[in-house]
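got a structure for you, letters missing:
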C-alpha cells in the first residue's frame, strides 16, 4: 500500500463512521432536548446519513 491508498482508506472509514454517529446521536440529541421529531428533521437526518454513507463507500471504491 502506498500513502495515497492508506489516506483514502482512512478517509472512507472516517466518513462512514461519521454517518453512523449522526444516525445514532441526532435522534438521541433531539430526545434529550425534548425537541419534537418532525418530518423535516427525520428527512434531514436520513439525508445526512445517506450522503455520508454513500460518500464513504465511493471513496473506498475509488481507492481500488
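Yep, that arrived. Not measured: the values here are computed from a predicted model.

contacts, neighbours, all on C-alpha from now
OK.

For residue 8, identify the helix or strand it belongs to.
Using DSSP states H and E, residue 8 maps to helix 3-32.

If you count neighbours, what's buried in that helix?
8-9, 11-13, 15-19, 22-23, 26-27 (16 or more other C-alpha atoms under 10 Å).

and it, what does it pack onto?
helix 39-63 (3 or more C-alpha pairs under 8 Å, 6 or more residues apart in numbering; DSSP states H and E).

Show the contacting residues for the residue nearest in space to the middle of the chain.
Geometric centre of the chain, nearest residue: residue 19, 1.7 Å, by C-alpha atoms, centre = their mean. Contacts were defined as C-alpha atoms under 8 Å, 6 or more residues apart in numbering; by that measure residue 19 touches 48, 49, 50, 52, 53.

Which pLDDT value goes with it?
We have a pLDDT of 97 for residue 19.

Right, I'll leave it there.
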